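Enquirer: Requesting a structural model of the entry that follows:
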Amino acid sequence: MGNEEGMDTFLPTINKIAVTFTCRTNAAIAPVYTCKTCIFGGWNVKYKAGTLFTNINIIVPLAASG
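Expert: Numbers count the residues shown, from 1 in each chain. Just a heads-up that it's a prediction; the model follows:
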């Protein structure tokens, strides 16, 4: 138990602009979640604090710059 990390790969449809991550803790009193998307080698990152036994939605863009 402790810090858990997961990874998944998918190909979004042409009209998708973001990914919604749903995070939840059953142990940590004040967790901080980090959610990332990688587009063309660049990372989009969002952080959000949560609370015990509560679902937290974090929206991370699917955007590339440059």
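Enquirer: What about C35, how many residues nearby?
Expert: Number of residues near C35 (other CB atoms under 10 Å) recorded here: 19. To be clear about C-beta, it is placed using only N, CA and C from the backbone, and glycine gets the same treatment.
Enquirer: what's it in contact with, if anything?
Expert: Listed by CB atoms under 8 Å, 6 or more residues apart in numbering, the contact set of C35 reads V19, F21, C23, V45, K46, Y47, K48, I58, V60.
Enquirer: The last one and M7, how far apart?
Expert: So the one you mean is V60. Using CB to CB, to the nearest Å, V60 is found at 14 Å from M7.
Enquirer: who has more neighbours, those two?
Expert: V60 (17 against 6).
Enquirer: The more buried one: what's it in contact with?
Expert: Per CB under 8 Å, 6+ apart, neighbours of V60: A18, V19, F21, C35, K36, T37, N44, V45, K46.
Enquirer: ok, so of the contacts of C35, who is nearest L11?
Expert: Each of the contacts of C35 was scored against L11 by CB to CB, and V19 proved nearest at 12.3 Å.
Enquirer: Please list only the buried members of the contacts of C35.
Expert: Burial by neighbour count, 16 or more other CB atoms under 10 Å: within the contacts of C35 this picks out V19, F21, C23, K46, I58, V60.
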